[in-house]
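Engineer: Could you work out the structure for the sequence below:
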Amino acid sequence: MNKEQRRKLSQEYKRKDLEKFLESDNSVLVKYAKVKLGLNSKPLTSTDTLNIPDEQLIEALNYKIEEAAEKTYRGNPKLHRSSENVLKNFPGSYQLVHYTRQFEMLTDLGDGVKFFENTPKEEIEIIAESYVLIGFESFSNLIREVAKNNQNLELVEKEYAVLKTAIDKSRIEFIRKNASQFEIK
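Structural biologist: Coordinates of the predicted model:
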C-alpha cells in the first residue's frame with residue numbers, strides 16, 4: 001500500500017468515526033462531527049445574534065466560527081495547514097469569541113497554567129487584546145504580564161474567577177452592539 005492509499009484509508013476511517021458521532025445524544029459530539037464533516041448549518045445573521053438567549057450566544061457563535069474555519073481550511077488545506085491557522089486570519093470579532101472562549105474553558109477547568117505553557121504568544125496577545133475591547137484592560141495587562149514573565153500564572157485564574165460574571169455580561173453586550181460583525185455564512 002502506497003502513501004496515498006494509506007492517507008485515503010485513514011481519511012475514510014476518520015469519516016466513519018465522525019458519522020457515528022452524528023447519532024450521539026451528546027450535542028457537543030454531534031456539532032463537532034458536523035463541523036469536521038463539512039455539514040454546514042444555516043447562516044447566522046445579525047438578527048439571530050440579537051435573538052439568541054445570552055446563555056447560548058457564545059456557544060452558537062463559536063460553533064459557526066469553527067464551522068467557517070473548517071470550511072475555509074477544506075477549500076485549500078495546503079495553504080492553511082489546519083483550521084486553527086485559518087482562525088488567526090479571521091476578523092477580530094471572531095477571534096474575540098473563539099480565543100477567549102478557549103482560554104476561559106481551560107481557566108475554568110483549572111488548566112490556566114497549561115494554557116500559558118502551551119499557547120503561542122501570538123494567541124495570548126489576541127486574547128489580551130480581546131479583553132481590552134470588552135472593557136477589561138487591567139485583566140488584559142495581567143495576562144500580558146504573566147505571559148511575559150511566565151510567573152504567577154495562578155493569579156490569572158484567581159482574577160478570572162472574580163471577574164467571570166462581569167466579563168460574560170460585557171462580552172455579550174459587545175456582541176449585541178456589534179451584531180453585524182458577527183454575521184457568519
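Engineer: Give the buried residues for the longest helix belonging to the chain.
Structural biologist: The helix that spans the most residues within the chain, counting by DSSP state H, is helix 153-177. For helix 153-177, burial by neighbour count (16 or more other C-beta atoms under 10 Å) applies to 153, 156-157, 159-160, 163, 167-168, 170-172, 174-176. In this view, the C-beta of every residue, glycine as well, is placed from N, C-alpha and C.
Engineer: and that helix, how far from the chain's centre?
Structural biologist: 16 Å (C-alpha atoms, centre = their mean, to the nearest Å).
Engineer: Could you list every helix and strand in contact with it?
Structural biologist: Counting contacts by 3 or more C-beta pairs under 8 Å, 6 or more residues apart in numbering; DSSP states H and E, helix 153-177 packs against helix 46-51, helix 54-75, helix 92-108, helix 112-118, helix 137-149.
Engineer: How far away from the center of its chain is stretch 58-75?
Structural biologist: 9 Å.
Engineer: Which of the residues in that stretch are classified as buried?
Structural biologist: For stretch 58-75, by 16+ other C-beta under 10 Å, it's 58, 60-70, 72-73.
Engineer: Columns distance to L29 and pLDDT on top of those, output as a markdown table?
Structural biologist: As requested, these are arranged in a markdown table below (distance: C-beta to C-beta, whole Å; pLDDT from 0 to 100):
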| residue | distance to L29 | pLDDT |
| --- | --- | --- |
| I58 | 19 | 94 |
| A60 | 17 | 90 |
| L61 | 19 | 94 |
| N62 | 15 | 92 |
| Y63 | 13 | 87 |
| K64 | 18 | 91 |
| I65 | 18 | 93 |
| E66 | 14 | 89 |
| E67 | 15 | 87 |
| A68 | 20 | 90 |
| A69 | 18 | 90 |
| E70 | 15 | 85 |
| T72 | 23 | 88 |
| Y73 | 20 | 87 |
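Engineer: out of the residues you listed, who's nearest P120?
Structural biologist: Closest approach between the buried residues of stretch 58-75 and P120, by C-beta to C-beta: A69, at 16.4 Å.
Engineer: so who does the closest one touch?
Structural biologist: 83-84, 86-87, 90 (C-beta atoms under 8 Å, 6 or more residues apart in numbering).
Engineer: are any of the residues you listed buried, and which?
Structural biologist: 83, 86-87, 90.
Engineer: Can you flag which of the residues you listed belong to helices?
Structural biologist: 83, 86-87.
Engineer: most centrally placed residue in the protein?
Structural biologist: By C-alpha atoms, centre = their mean, the mean C-alpha position of the chain lies nearest to H98, the distance being 2.7 Å.
Engineer: Mind giving me the packing neighbours of the helix or strand of the chain with the lowest mean pLDDT?
Structural biologist: Every helix and strand of the chain was ranked by mean pLDDT, DSSP states H and E. The lowest is helix 27-37, at a mean of 73. Under the contact criterion of 3+ C-beta pairs under 8 Å, 6+ apart, helix 27-37 touches helix 3-21, helix 54-75.
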